[in-house]
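J.: 3D, please:
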Amino acid sequence: MRSALDHLVYELATPKARKSRNLQFPIFTDECKFKVRSPPMLKSIKGDERTLIERVQPYIATNVPSDDPLAVLHRLSNRDKHHLLVPMVAALGQPSTWVAWSDGDIRFTYIAKGPVEQDTKIVSFTATPEDPTANMKVTPSADLEIQVGGTGIIGYDIAATDLLDMLRYHVRHWVIGMWFDYGVMPGTVADLQGTQ
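T.: Predicted coordinates for the structure are as follows:
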């Protein structure tokens, strides 16, 4: 997705500007840094396309720039390119841990939370039949999900597949689709606040 944004800037640039090594899609959470560092990245891009790139910048697009999907994509991309691979952890999905039963009483004694390792106890419970002469059926289920570590989103756990879907949707529909498919400039936080 990060590469696709860079290719977008390349396609919008003039043939002469395409020879520049600095040409790329800028992503900034700070307006001052954007104004100082983005000009070489956007060499020769003018008009509505430049306005589009400016309007989707995290510092102008959201109230919490560090939580903006482009900011998350930027952090993950940089970590993956310049440091270590993005860490992934297996974690128990709380809403998907459950026990189905019939003709019995279930009392939970333990449900795991957060990251798990091999042989980690996930859930424990006691099942007591309501009617000792009837068949009691108990079906425990627990799903593990893979979560991406180090997204920078504070207090928000998200499965890797959901994170990638969110980033893809944001890039495809908000950054690219609004303008190139529909001719509509994406709104900013100021736009949204002006309508309230």
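J.: find the centremost residue of this structure, please.
T.: Leu163 (3.4 Å; C-alpha atoms, centre = their mean).
J.: return the distance of that one relative to Thr62.
T.: Separation of Leu163 from Thr62 (C-beta to C-beta, to the nearest Å): 16 Å. C-beta here means a position set from N, CA and C on the backbone, and glycine is covered the same way.
J.: before we move on, what about Arg79?
T.: For Arg79, the distance to Thr62 - C-beta to C-beta - is 21 Å.
J.: re the thing from before, so the residue nearest to the centre of the chain touches Val148, yeah?
T.: Yes: counting by C-beta atoms under 8 Å, Leu163 touches Val148, with 5.3 Å between them.
J.: list the buried residues of stretch 45-55.
T.: If you call a residue buried by 16 or more other C-beta atoms under 10 Å, then stretch 45-55 has these buried ones: 45, 49, 52-55.
J.: what does that stretch contact?
T.: For stretch 45-55, contacts defined as C-beta atoms under 8 Å, 6 or more residues apart in numbering pick out 9, 12-13, 17, 25-26, 34, 42, 60-61, 175, 178-179, 185-188.
J.: helix or strand next in line after the worst-scoring helix or strand of the chain on mean pLDDT, which one?
T.: The least trusted helix or strand in the chain, going by mean pLDDT, DSSP states H and E, turns out to be strand 88-92, with a mean of 57. Once the chain leaves strand 88-92, the next helix or strand it forms, by DSSP states H and E, is strand 98-102.
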